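[1] predicted coordinates and the sequence they were generated for:
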Amino acid sequence: MPLYLNDDQTMLRDTAKDFIASEAPIAHMRALRDADDTAGFSRTLWKQFAEMGFTGILIPEADGGLGLGHVEAGVVLEEIGRNLSPSPFLATAVAAVEALKGSAAARAWYPGILAGETVAALAIDEGAKHDGRIAMQAERAGNGFRLTGAKQFVTNGHVADLLLVAARTGNGTTLFAVAGDAQGLTATPQRLADSSIAARLQFDGVEVDADAVIGEVDQGDGPLARLLAAGRTGASAEMIGVGGGAMDMTVSYLRERKQFGVAIGSFQALQHRAAHLYSEMEVARAAVLKAQQLLDAGPEYAAAAAEAVAVAKAMTGLATTLAVQEGVQMHGGIGMTDEFDIGFFMKRARILAEMFGDSNFHANALAESAGY
């Protein structure tokens, strides 16, 4: 598998780059933040994503989508990250779409996603950190289930049309597709460090019918694993965009900012730091592309893909953290203010690093899988 984009993927990248830079630049994020927008993203922009075909990248052609893969989804996510664009693309068009594949619920929800009318949120985490533990209970109730418990860190959970909810059932875990306006569901939104909005969700006997089950009862580990693999790889791709955007901004600043009559980029110490950052970002980029390619290669590569996804999430967390920290430091005092955009990259990187497990979580998972 060559670690570079083919001609079609390069064309998609160029299209996404132009569209997102034009319609959802950093100024778009600033405008939503300054207006104290209660949704956290633009529904109009989400419809535009659909018109561009982006929302159907991972949806099979038989269901009306483009039938492409994680590499193509990652191309869009990288541009979203580079522009700090508030968008439900990761949770809806990547993670949710992957989890729904092959289920009856897909027929109900795919058309809305394709049209840019449906926003999905992932109700997976319950603790302060992503740890994979699920305490929410789903008890049998007539022809369906009754959900009781709480979820947190649910991005866009307060305005989502669809919630993918992991809960404990009799002999295992089951993944449910729950309508965002279900009776008994309470959402408490909170603005995060990067000005995006996540919600704490309380389920007080929320009733769903049997059609809400994604896959089979007690066998939700399969669709949940697909959701997490897609989410982790997608978050890694978006982080590459965040880190790359921060690095480009920093390198431009090194060329323009002058001290003692010369550009500060001519100082050898700063050149060494910039070269180190470039190397770390390129290694992380290769790790992400490898994970995407293995996910696209099919179920026979499942074990290798799982390992590659963990490597990608761990490495991008470290590399992007380095990129935003070096960016703020090399900008000096202005880097600490809202007058300059570099600080927004640090805030977004912090949120993405925690999504679906941080670098320590995935490094530990890799160590345990190797017998340590």
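    Done, it's in.
[2] and D338, how many residues sit next to it?
    Applying other CB atoms under 10 Å, we find 10 residues neighbouring D338. C-betas here are computed from N, CA, C, even on glycine.
[3] which residue ranges of the stretch 1-150 of the chain form helices?
    For the stretch 1-150 of the chain, applying DSSP state H, counting those that start in this stretch gives helices covering 7-23, 26-34, 43-51, 70-82, 89, 97-100, 104-115.
[4] and the longest one, what other elements does it pack with?
    Yep, that's helix 7-23 we're talking about. helix 43-51, helix 70-82 (3 or more CB pairs under 8 Å, 6 or more residues apart in numbering; DSSP states H and E).
[5] most tightly packed of these?
    helix 70-82 (a mean of 27; mean count of other CB atoms under 10 Å).
[6] please report the distance of P2 from A306.
    Using CB to CB, to the nearest Å, P2 is found at 22 Å from A306.
[7] swap that for R140, please
    Going from R140 to A306 by CB to CB gives 32 Å.
[8] possible to save the helices of the stretch 1-150 of the chain as JSON lines with distance to V283?
    JSON lines is the format used below for the helices of the stretch 1-150 of the chain (distance: least, CB to CB, whole Å):
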{"stretch": "helix 7-23", "distance to V283": "20"}
{"stretch": "helix 26-34", "distance to V283": "26"}
{"stretch": "helix 43-51", "distance to V283": "30"}
{"stretch": "helix 70-82", "distance to V283": "16"}
{"stretch": "helix 89", "distance to V283": "25"}
{"stretch": "helix 97-100", "distance to V283": "26"}
{"stretch": "helix 104-115", "distance to V283": "33"}
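[9] residue closest to the middle of this structure?
    Note on the chain: the residue nearest the mean C-alpha position is A235, at 3.6 Å, using CA atoms, centre = their mean.
[10] for it, helix, strand, or coil?
    helix (DSSP: H, G, I helix; E, B strand; the rest coil).
[11] so it sits right up against L90, yeah?
    Yes. Judged on CB atoms under 8 Å, A235 makes contact with L90 at a distance of 6.5 Å.
[12] partner strands of the lowest-mean-pLDDT helix or strand in the chain, parallel or antiparallel?
    Using mean pLDDT, DSSP states H and E, strand 258-259 stands out as the lowest-scoring helix or strand of the chain, at a mean of 88. Sheet pairing for strand 258-259, assigned by DSSP bridges, gives strand 262-263 (antiparallel).
[13] name the residues that touch the partner strand?
    Contact with strand 262-263 is made by L254, R255, E256, R257, as judged by CB atoms under 8 Å, 6 or more residues apart in numbering.
[14] distance of T316 relative to I113?
    Distance of T316 to I113, computed by CB to CB: 26 Å.
[15] ugh, typo on my part, it should be G205
    Separation of G205 from I113 (CB to CB): 28 Å.
[16] of the two, which one has the most company?
    It is I113, of G205 and I113, that has more neighbours when counted by other CB under 10 Å, with 29 against 12.
[17] ok, the more buried one - contacts?
    With CB under 8 Å, 6+ apart, I113 has these contacts: T55, G56, I59, T92, A93, A96, V97, A120.
[18] farthest-apart pair in those, please.
    G56 and A120 (13.9 Å; CB to CB).
[19] L352: how many residues sit nearby?
    26.
[20] and the direction of the helix or strand containing it versus that of helix 26-34, what angle?
    Per DSSP states H and E: L352 is located in helix 342-354. When axes from the mean of the first three to the mean of the last three CA atoms, to 10 degrees is applied, the directions of helix 342-354 and helix 26-34 differ by 80 degrees.
[21] what are the boundaries of the strands in this protein?
    120-123, 137-141, 144-155, 162-169, 172-179, 185-191, 197-209, 213-214, 258-259, 262-263 (DSSP state E).
[22] select, out of those, the one closest to M249.
    That would be strand 262-263 among the strands of the chain, by CB to CB, at 15.3 Å.
[23] which segments of the protein make up each domain?
    Using automatic domain parsing, the domain parsing of the chain gives 7-118, 122-214, 221-369.
[24] distance between the longest one and the chain's centre?
    Read that as domain 221-369. Taking the mean of its C-alpha atoms, domain 221-369 sits 13 Å from the chain's own mean (CA atoms, centre = their mean, to the nearest Å).
[25] one more: the shortest one?
    Per CA atoms, centre = their mean, the displacement of domain 122-214 from the mean C-alpha position of its chain is 18 Å.
[26] check the first one too.
    Offset of domain 7-118 from its chain centre (CA atoms, centre = their mean): 11 Å.
[27] compute the first-to-last residue distance for it.
    Across domain 7-118, the terminal residues are separated by 31 Å (CA to CA, to the nearest Å).
[28] ok, the second one next?
    End-to-end distance for domain 122-214: 13 Å, by CA to CA.
[29] for A363, give its distance to G357.
    In terms of CB to CB, A363 sits 10 Å off from G357.
[30] out of these two, which sits in the busier spot?
    Neighbours per residue, other CB under 10 Å: of A363 and G357, the larger number sits with G357, 25 against 18.
[31] surely that one meets D125?
    No. Counting by CB under 8 Å, G357 stays clear of D125, with 9.7 Å between them.
[32] quick one on the thing from earlier: what comes into contact with the least confident helix or strand of the chain?
    Taking CB under 8 Å, 6+ apart as the rule, strand 258-259 contacts I264.
[33] what does stretch 163-170 give?
    Stretch 163-170 is touched from outside by 95-96, 99-100, 120-124, 134-138, 140, 145, 147, 149, 151, 154, 157, 173-180, 182, 185, 201, 203, 214, 217-218, 220, 224, 227, with contacts defined as CB under 8 Å, 6+ apart.
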